[in-house]
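Peer 1: all I have is the shape, not the residue letters:
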């Protein structure tokens with residue numbers, strides 16, 4: 001994971017923590033959250049750059065993956081938002097972009113006249129395969145971490161997710 005710029009001669013998060021500690025409490029949590037958010041930015045930037053040549057962002061890629069995991073290759077838009085844990089208003093622009101690219105199609109739900117189904121198209125399956133190969137090849141932007149470290153990170157992040165009602 002590279003940012004395309006020269007690295008700083010110091011760790012800005014450690015420096016911020018040093019200054020934070022002079023004024024406020026909870027320095028370990030401030031350091032952890034700031035590190036987590038920075039890594040999120042770095043990983044998302046790397047994955048979005050990998051997916052850009054395919055006309056995707058990571059968010060659009062997640063929609064294609066979710067549709068490919070469904071039994072019929074189709075889900076109601078509301079279910080997509082629920083499964084991706086995003087607000088329904090965030091799903092509509094993702095789906096519209098994927099539809100305009102020919103990667104999914106929207107159709108009326110056959111059993112619920114108020115709902116719309118999104119279905120992955122054959123082109124969507126093809127692009128999904130290419131995108132997945134790129135992401136796996138980049139080791140999901142976490143190539144600097146071992147499998148064990150990734151497992152440890154997942155375990156470390158489970159309690160706050162659970163406490164927030166994520167599952």
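Peer 2: Okay, I see it. These figures come from a predicted structure and were not determined experimentally.

Peer 1: so in this protein, which helix runs the longest?
Peer 2: Under DSSP state H, the helix in the chain containing the largest number of residues is helix 27-51.

Peer 1: who touches the strand or helix carrying residue 155?
Peer 2: Mapping residue 155 onto the secondary structure by DSSP states H and E places it in helix 147-163. Contact partners of helix 147-163, identified using CB atoms under 8 Å, 6 or more residues apart in numbering, comprise 142, 145, 167. (Glycine included, C-beta is placed from N, CA and C.)

Peer 1: apply 10 Å and report the result again.
Peer 2: The set of residues that contact helix 147-163 without belonging to it, under CB atoms under 10 Å, 6 or more residues apart in numbering, is 32, 33, 36, 39, 139, 140, 142, 145, 146, 166, 167.

Peer 1: please report how far residue 126 lies from residue 118.
Peer 2: Summarising the geometry, the distance separating residue 126 from residue 118, computed by CB to CB, to the nearest Å, is 17 Å.

Peer 1: the more surrounded of these two?
Peer 2: Between residue 126 and residue 118, counting by other CB atoms under 10 Å, residue 118 is the more crowded of the two (27 against 12).
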